[in-house]
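Undergrad: sharing a sequence plus its predicted fold:
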Amino acid sequence: MIKKRLNTLLLILTISLSSFAQNLQPYLGCYRVSGDARLVLAENNIFYIVAYATFFQGNWHIENDKLILNPHNPEHFFELYGRYNPNIKGGYKIKFDGFSEEETFIGKDNSDAMQRVFNKNPNCFESAYLQHFNKESDVISFVDVVSENIRDYDRRNTYSFPINKYNDFIAVYNDPRHYNYEMIYPFPKTEKGIIVEDLEQFGKMKMTDKLRKEMDEIIKMGEKMKPKDTLYFNPAYRLFDEPSMNISRDYSFDRSKNAYVSKHNYEKDEELHPEKKQDAYHSKGILYQYDKIPPTKIEIKPFKIIEKSIFTANCAGDE
């Protein structure tokens, strides 16, 4: 009797899931939104929006004849990736990405003072910003400017990260002004297509081999852009996408360098003298693995500001 009931429940569940999938099937495909912008509604309720200099993705579902898009945003405003660098004999270094977009600060866990990363209103930027620090604490902390102008965002949280065994870091600031928020569109089906809120045509594009190929490329791009716990950079800090390479086949791990060395185009000590290698920025000769470090604390923490910034980015003549 129990087995019979279990089989019945499984049958009902299978039918329900099948019906749900069939209900979504008519919506799958590529839509022309406005101009050259494209919206792809893919299986597994993943959507992609592609336009000029714009690409983001998230989850979608249909509810009461409405299309609801929930974009994926970075989990934290600050991220830290680290590795052990045997060439650093004392302290640690940090490469800062995105910190110039807002007023951002760095501090140590045993101090209530936070130092500006960039001067106020920075401009005239260089290609990379690196700084070496003496190890005065086992924790690195970041915070951004206090503001009330950003939706759903209390910009007072201090993020603290443990240094652990690492001494070579890449710090990333995800400015929430660039975050995407939930979008809701009336989505009634008509013979001509689907009508959006402003009554302009939200037309579903006719599937062709060319369009199918473009959609496959968009989905692959989305896979590459998903958050990763491990990143690979060369000594010039160019990020390489691991799925597009075959590290186990084309590289050997060198313990003394704590790096993956190419079996094909590595030049001796190129990581120590990258300027000697032609087009060092694009070189795949040696790759460093950086591991994502989760924050140990995210808390509102009063702090004093050290106004003298680590970096100064000013055009000539600007104050």
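TA: Looks like it came in fine.
Undergrad: can you tell me the SS state at Glu214?
TA: Of the three states, Glu214 takes helix under DSSP: H, G, I helix; E, B strand; the rest coil.
Undergrad: can you name the next helix or strand after the worst-scoring helix or strand of the chain on mean pLDDT?
TA: Within the chain, no helix or strand scores below helix 2-24, which has a mean of 47 by mean pLDDT, DSSP states H and E. On the C-terminal side of helix 2-24, the nearest following helix or strand under DSSP states H and E is strand 29-32.
Undergrad: do a quick rundown of the helices in the chain.
TA: For the chain, applying DSSP state H gives helices covering 2-24, 209-224, 247-250.
Undergrad: and Asp138, how far from Met205?
TA: Applying C-beta to C-beta, to the nearest Å, the value for Asp138 to Met205 is 54 Å. From N, CA and C alone the C-beta is placed, and that goes for glycine too.
Undergrad: ok, Glu223 next?
TA: Taking C-beta to C-beta, one finds Glu223 at 22 Å from Met205.
Undergrad: what about those two, which has more around it?
TA: The neighbour comparison of Glu223 against Met205 (other C-beta atoms under 10 Å) goes to Met205, with 16 against 11.
Undergrad: ok, and the closest non-adjacent residue to the more buried one?
TA: Distance criterion C-beta to C-beta, 6 or more residues apart in numbering; nearest residue to Met205, sequence neighbours excluded, is Cys30 at 4.8 Å.
Undergrad: quick one: pLDDT of the one you found?
TA: Here the pLDDT value assigned to Cys30 is 90.
Undergrad: can you check Glu299 too?
TA: Glu299 is assigned a pLDDT of 90 by the prediction.
Undergrad: who's the closest spatial neighbour of Pro86, skipping the chain neighbours?
TA: In space, and not counting its chain neighbours, Pro86 is closest to Asn258: 5.8 Å by C-beta to C-beta, 6+ apart.
Undergrad: ok, the one you found - how many residues close by?
TA: When neighbours are counted by other C-beta under 10 Å, Asn258 registers 15.
Undergrad: Ala171 is in contact with Asp97, correct?
TA: Yes - in this structure, Asp97 is within contact of Ala171 by C-beta atoms under 8 Å, at 6.9 Å.
Undergrad: okay, those two: which has more neighbours?
TA: Per other C-beta under 10 Å, whichever of Asp97 and Ala171 has more neighbours is Ala171, with 25 against 18.
Undergrad: what sits against the residue nearest to Pro74 when sequence neighbours are not counted?
TA: Spatial nearest neighbour of Pro74, excluding adjacent residues (C-beta to C-beta, 6+ apart): Asn174 at 4.1 Å. By C-beta atoms under 8 Å, 6 or more residues apart in numbering, the contact set of Asn174 is Asn73, Pro74, His76, Phe77, Phe78, Glu79, Gly98.
Undergrad: strands - which of these land there?
TA: Taking DSSP state E, the ones among the contacts of Asn174 that sit in strands are Phe78, Glu79.
Undergrad: most neighbours out of the contacts of Asn174, which is it?
TA: With neighbours taken as other C-beta under 10 Å, the top of the contacts of Asn174 is Phe78, carrying 25 neighbours.
Undergrad: how close does that one sit to Ile306?
TA: For Phe78, the distance to Ile306 equals 18 Å [C-beta to C-beta].
Undergrad: strands of the stretch 151-300 of the chain, start to end?
TA: 157-162, 168-173, 183-186, 194-195, 201-202, 230-233, 239-240, 251-254, 259-262, 286-293, 297-300 (DSSP state E, counting those that start in this stretch).
Undergrad: as JSON lines, these with distance to Pro122 would be great.
TA: Output for those, formatted as JSON lines (distance: least, C-beta to C-beta, whole Å):
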{"stretch": "strand 157-162", "distance to Pro122": "21"}
{"stretch": "strand 168-173", "distance to Pro122": "13"}
{"stretch": "strand 183-186", "distance to Pro122": "32"}
{"stretch": "strand 194-195", "distance to Pro122": "44"}
{"stretch": "strand 201-202", "distance to Pro122": "40"}
{"stretch": "strand 230-233", "distance to Pro122": "24"}
{"stretch": "strand 239-240", "distance to Pro122": "23"}
{"stretch": "strand 251-254", "distance to Pro122": "37"}
{"stretch": "strand 259-262", "distance to Pro122": "32"}
{"stretch": "strand 286-293", "distance to Pro122": "25"}
{"stretch": "strand 297-300", "distance to Pro122": "26"}
